[in-house]
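**Student:** model this:
(one chain, ligands or ions: 2)
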Amino acid sequence: MSSHQSEVMRCELCQYKTKRKSQLVSHMLVHRDPSKIKMYDCGTCPFKTKRKSSWKKHMLIHRESVKRHNDYDI
Ligand SMILES: [Zn+2]
Ligand SMILES: [Zn+2]
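**Tutor:** Numbers count the residues shown, from 1 in each chain. Ligands and ions are numbered 1, 2, ... in the order given. Below you'll find the predicted structure:
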């Protein structure tokens, strides 16, 4: 009787729903004017992301190895 953490958060603008608030926050970006969102792009490959943390993480794969290049996070 202690754990009922299955609260679902919904987007007010579309059908999207998630259990994680952080997911919802990043989802809300899709409803914003794209021209107002700063996109970080790789420059080495077509990867781009809205999050700087994701971009930093992505850049590591070019340093470490070129093999693991399937982890796109768009
Ligand atoms: Zn939505
Ligand atoms: Zn890249």
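
**Student:** what does this protein put close to ligand 1?
**Tutor:** Cys11, Leu13, Cys14, Tyr16 (C-beta under 5 Å from the ion). From N, CA and C alone the C-beta is placed, and that goes for glycine too.

**Student:** of the residues you listed, buried ones?
**Tutor:** Among these, none scores as buried (criterion: 16 or more other C-beta atoms under 10 Å).

**Student:** from these, which land in helices?
**Tutor:** Assignment to helices by DSSP state H places none of these there.

**Student:** mind putting the residues you listed in TSV, pLDDT included?
**Tutor:** Shown next, in TSV, are these (pLDDT from 0 to 100):
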residue	pLDDT
Cys11	93
Leu13	90
Cys14	93
Tyr16	96
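
**Student:** farthest pair in these?
**Tutor:** Spatially, the most separated pair among the residues of the chain next to ligand 1 is Leu13 and Tyr16, at 8.1 Å (C-beta to C-beta).

**Student:** next, the buried residues of stretch 19-35.
**Tutor:** Result for stretch 19-35 [16+ other C-beta under 10 Å]: buried residues Leu24, His27.

**Student:** ok, the residue lying closest to Thr44 once chain neighbours are set aside - contacts?
**Tutor:** Spatial nearest neighbour of Thr44, excluding adjacent residues (C-beta to C-beta, 6 or more residues apart in numbering): His62 at 5.3 Å. Listed by C-beta atoms under 8 Å, 6 or more residues apart in numbering, the contact set of His62 reads Cys42, Thr44, Cys45.

**Student:** can you give me the distance of His62 to ligand 1?
**Tutor:** 32 Å (C-beta to the ion, to the nearest Å).

**Student:** which one of the contacts of His62 is nearest to ligand 1?
**Tutor:** Cys42 (26.1 Å; C-beta to the ion).

**Student:** next up, phi/psi of the closest residue to the closest one other than its chain neighbours, please.
**Tutor:** Counting by C-beta to C-beta, 6+ apart, the nearest residue to Cys42 once its immediate chain neighbours are dropped is His58, at 6.2 Å. The phi and psi torsions at His58 (degrees, to the nearest 10) take the values phi -60, psi -40.
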